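S.K.: Fold the following, please.
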Amino acid sequence: VALAGLLGRLPAGDAHVLVAIGKVARAVARPDARVTAAVRRYLRGQGPQLTTEAALAAGALMDRDAIPPLIDLLETGEPTVAAAALRSLEGMSSQPVGRSPERWRNWYSAERSWWRTEAPQDFLLVRGGAPADASRVILELSKHRLWRHELVEPLAAGLDREEIELAALTCAALGHLGSPLAVEPLIRALERPELDVQQAAWRALRRVTGLELGATP
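M.R.: Reported below is the predicted structural model:
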C-alpha cells in the first residue's frame, strides 16, 4: 500500500515504483484493492515504459480485474507492451492459450463461468466424493491458477482424506497453485504419519516458499 501511494507523486519515478510493486507482490496472498487499482490505472493511456511495467506488476499481483485490459494490450503496436501483457496473462493462467486476444477472452469467460457454476460441486467431491471422482477433481482444480488463493481452503479438505494417494495428490495440487495461503495446511500435512504424504507436503512447501527446510513441521 505504501508503494502504491507513491504512484503519481513524482511521475518520473513511477516506472521504478511499479517495478518494486511487482517484486514484492508474489509474497502477498491477497493484495490490497487500493494497490491493484492503482497499478491498473497505468494499463491505459500511458507511454510504453509505464504500460509495460504496469502489465508486469498486474500479473505479479494476480489481479483478475486487469485481465481485460491486458488482453487489449495484446493488440497494441508496441511489441514490448504486448510481450509484457502476454507474460502476465500466461502467469495468471498457467495455460497454453497462445497469443490470440480472442482466445484469451474465451478463456477468461470460461474461467468465470466455471467458478460460478462448476467449482462449488467440485469442492464437495474433494471432501466427500468417491476416490476416483475426488482424484479427477483435485487434478482439475490445480489447473485453475487464476483462483489459486480461493482454492486453497476447499482443496485443503483433501489433506484430511483417509486415502493416502488423495492426500498426497492434494499436496501436489496446492504446490502447483503456489498460493502462500497453502503453507499452513501443508505444514499440518507434514504431521500425518504416512511417509508419502509427508514427502508430498514437503515438496509442495518447497515449491511455494522456495525454502529448503526439510520435512519437519
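S.K.: okay, CA-based contacts and neighbour counts for the rest of this
M.R.: Fine.
S.K.: Packing partners of the helix or strand containing Ala132?
M.R.: In this structure, Ala132 sits in helix 131-141 according to DSSP states H and E. Applying 3 or more C-alpha pairs under 8 Å, 6 or more residues apart in numbering; DSSP states H and E, one finds that helix 131-141 contacts helix 119-128, helix 148-156, helix 164-177.
S.K.: Alpha carbons of the shortest one, in PDB - could you do that?
M.R.: So the one you mean is helix 148-156. Only the C-alpha atoms of helix 148-156 are listed here, as PDB (Å, rounded to 0.1, in the frame of the first residue of the first chain):
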ATOM      1  CA  ARG A 148      -5.200 -20.000  -6.600                       C
ATOM      2  CA  HIS A 149      -5.900 -18.200  -3.300                       C
ATOM      3  CA  GLU A 150      -9.600 -19.000  -3.200                       C
ATOM      4  CA  LEU A 151      -8.900 -22.700  -4.000                       C
ATOM      5  CA  VAL A 152      -6.600 -23.300  -1.000                       C
ATOM      6  CA  GLU A 153      -9.400 -23.800   1.600                       C
ATOM      7  CA  PRO A 154     -11.600 -26.200  -0.500                       C
ATOM      8  CA  LEU A 155      -8.600 -28.100  -1.700                       C
ATOM      9  CA  ALA A 156      -7.100 -28.400   1.700                       C
END
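S.K.: by how many degrees do that helix and helix 164-177 diverge?
M.R.: 170 degrees (axes from the mean of the first three to the mean of the last three C-alpha atoms, to 10 degrees).
S.K.: mean confidence score for helix 148-156?
M.R.: Average pLDDT, helix 148-156: 94.
S.K.: Measure how far it is from the centre of its chain, please.
M.R.: A distance of 11 Å separates the centroid of the chain from that of helix 148-156, by C-alpha atoms, centre = their mean, to the nearest Å.
S.K.: For that helix, buried residues please.
M.R.: Residues of helix 148-156 classed as buried: Arg148, His149, Leu151, Val152, Pro154, Leu155, Ala156 (neighbour count, 16 or more other C-alpha atoms under 10 Å).
S.K.: is it true that the last one touches Ala168?
M.R.: Translated: Ala156. No: using C-alpha atoms under 8 Å as the test, Ala156 is too far from Ala168 to be in contact (11.0 Å).
S.K.: Could you pull out the buried residues of stretch 22-41?
M.R.: Judged by neighbour count (16+ other C-alpha under 10 Å), stretch 22-41 contains these buried residues: Gly22, Ala25, Arg26, Ala29, Arg30, Val35, Thr36, Ala38, Val39, Arg40.
S.K.: Now do that stretch, average pLDDT.
M.R.: Stretch 22-41 carries an average pLDDT of 78.
S.K.: Thank you kindly, that will do.
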